[in-house]
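[1] The following block contains a protein sequence and its predicted model.
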Amino acid sequence: MQGVLTGFMVIAVVIGVGYWLGRSGHLGEHGREVLTRLAFHVASPALLFTTLAQADLSVVFSSRLLVTALSTAVAAGVFVAVGVVRGWGIGRTTIGALCSSYVNSGNLGIPIAVYVLGDASLVAPVLLFQLVLLTPVALTILDLAGREAHEPLWRRLTSPLRNPIAIGSLAGVVVAATGLHVPGPVMDPLTLIGNMSVPAVLMAFGISLCGSTMPARGPDRYPVLLSVALKTVGQPVAAWALAAGVFGLRGAHLLDVVVTSALPAAQNLYTYASQYRVAERLARDAVLLSTVVSVPVLVVVAALLG
C-alpha cells in the first residue's frame with residue numbers, strides 16, 4: 001500500500017503549493033493561464049518527445065495493451081453514448097469521455113507501478129497508448145469542433161499537425177521507430193524543459209481550486225458523477241473482465257492491468273480543457289473526485305488480486 005499512498009501524497013503536496021500560490025496571488029491574476037500555456041505549448045510536448053523517443057515500442061503488441069485499449073473504449077464509449085443522448089455537445093462530451101478513461105499513468109502511475117507492481121515499465125503500455133493514439137485523436141476532435149465554420153477545410157483537417165502535443169508525441173514515435181540517435185546537446189535541454197510539465201500542470205490545477213465551490217454541483221453534476229463512476233469503477237471492472245475472461249491473464253499480469261486501469265483521471269486533462277476553453281469545471285471536478293475515490297479502489301484491488 002506504500003506505493004499508493006506515496007504517489008497520492010506527492011500529487012497532493014504539489015497541488016497544495018498551487019493552491020497556496022493562487023490564494024497568495026504571487027503569480028498574479030493570470031498565473032493559472034500562464035502555467036497552462038507553458039505546459040501545453042512547451043513543457044508537455046518536450047516531455048512527450050523525450051519519453052517516447054526512448055521508449056520500447058514493442059510493448060504496443062502486448063496483450064496488456066489490448067486490455068487497456070478495450071477497457072478505455074468501454075468507459076469512454078459509455079460516456080459518449082450518454083453525452084449524445086443528453087445533448088452535452090462535442091467538446092463537453094470529449095472532455096468527459098477523457099475523464100472517464102484517460103488514466104494518470106505518469107506522475108501517479110509510475111510510482112504506483114514501482115511500489116505496488118514492482119516494475120515501472122509495466123505502466124508503459126497504457127502510457128504509450130494514451131500518448132500515441134488517445135491524446136492525438138481527442139485533441140483532433142477538440143481542434144475541429146472549435147474551428148470557425150468559415151475557416152478553410154484544409155486548415156481544419158490539418159489542425160492536428162499544428163497541435164504541439166500531437167507534434168511532440170508523433171516526433172518521439174518517429175525517433176523510437178527509426179532508431180535515430182538524438183545527440184545530448186539536443187536531448188538534455190528538452191529533458192530539462194519537459195521536467196516542468198508535471199509540476200506546472202499540478203500547480204495550475206491547484207490554483208483553479210481557489211474560490212471554487214464543492215465539486216459535482218451545478219450543471220456539470222451528472223457528467224462529473226458519471227465520469228468519476230466510469231473511471232474509478234467501470235474501467236477497472238471492464239479491464240478485469242477482459243483480462244481474466246477474454247485474454248486469460250492471471251496472477252501478477254491480471255493485477256498489472258487492473259491497477260493501471262483503476263488509476264484516477266490525469267491532471268493534464270484539465271490543461272486540455274483550459275486550453276480549448278471547454279468543460280473546464282467538468283475536468284477539474286472529475287479529476288479531483290476520481291483522485292480521491294481511487295485511493296480506496298486501488299487498496300481494494302491490491303488486496304484482492306495482489
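    Received it, and whenever you're ready, just let me know what you need.

[2] Could you list the low-pLDDT ranges of the stretch 101-250 of the chain?
    Low-confidence segments of the stretch 101-250 of the chain (pLDDT under 70): 106-111, 113-122, 124, 147-162, 212-216.

[3] Report the central residue of the chain.
    Among the residues of the chain, Ala266 comes closest to the average C-alpha position under CA atoms, centre = their mean, at 3.5 Å.

[4] Now that one. Nearest residue, chain neighbours left out?
    In space, and not counting its chain neighbours, Ala266 is closest to Asn104: 4.2 Å by CB to CB, 6 or more residues apart in numbering. C-beta coordinates here come from the backbone N, C-alpha and C atoms, glycine included.

[5] residues touching that neighbour, list them.
    263-267, 291 (CB atoms under 8 Å, 6 or more residues apart in numbering).

[6] Out of those, give me the two with the largest separation.
    Largest separation among the contacts of Asn104 by CB to CB: Leu263 and Gln267, giving 11.6 Å.

[7] Can you identify each of the helices in the stretch 101-250 of the chain by residue range?
    Using DSSP state H, counting those that start in this stretch, the helices of the stretch 101-250 of the chain run over 109-112, 124-129, 135-146, 153-157, 164-178, 184-194, 197-208, 221-229, 235-241.

[8] Let's have the ones you listed in CSV, adding distance to Leu305.
    Shown next, in CSV, are these (distance: least, CB to CB, whole Å):
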stretch, distance to Leu305
helix 109-112, 14
helix 124-129, 17
helix 135-146, 28
helix 153-157, 44
helix 164-178, 31
helix 184-194, 33
helix 197-208, 28
helix 221-229, 21
helix 235-241, 8
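
[9] Which of the ones you listed sits closest to Cys99?
    The closest of the helices of the stretch 101-250 of the chain to Cys99 is helix 221-229. By CB to CB, the value is 4.1 Å.

[10] what helices or strands is the closest one leaning on?
    helix 63-86, helix 90-101, helix 280-305 (3 or more CB pairs under 8 Å, 6 or more residues apart in numbering; DSSP states H and E).

[11] Tell me which of those sits most buried.
    helix 90-101 (a mean of 26; mean count of other CB atoms under 10 Å).

[12] which residues are in contact with that one?
    71-73, 75-80, 83-84, 88, 134, 138, 141-142, 145-146, 223, 226-228, 230-231, 234-235, 265, 269, 272-273, 276, 278-279, 282-283, 286-287, 290.

[13] quick check: angle from that helix to helix 280-305?
    On the basis of axes from the mean of the first three to the mean of the last three CA atoms, to 10 degrees, helix 90-101 is oriented at 20 degrees to helix 280-305.

[14] the inter-axis angle of helix 90-101 versus helix 63-86?
    140 degrees.

[15] Restricting to C-alpha, output helix 90-101 in PDB.
    Written as PDB, here are the backbone C-alpha positions of helix 90-101 (Å, rounded to 0.1, in the frame of the first residue of the first chain):
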ATOM      1  CA  ILE A  90     -19.000  17.700 -28.800                       C
ATOM      2  CA  GLY A  91     -16.400  19.500 -26.600                       C
ATOM      3  CA  ARG A  92     -18.000  18.700 -23.300                       C
ATOM      4  CA  THR A  93     -18.600  15.000 -24.300                       C
ATOM      5  CA  THR A  94     -15.000  14.700 -25.500                       C
ATOM      6  CA  ILE A  95     -13.600  16.100 -22.200                       C
ATOM      7  CA  GLY A  96     -16.000  13.900 -20.200                       C
ATOM      8  CA  ALA A  97     -15.000  10.800 -22.200                       C
ATOM      9  CA  LEU A  98     -11.300  11.500 -21.500                       C
ATOM     10  CA  CYS A  99     -12.000  12.000 -17.800                       C
ATOM     11  CA  SER A 100     -13.800   8.600 -17.800                       C
ATOM     12  CA  SER A 101     -10.900   6.700 -19.400                       C
END
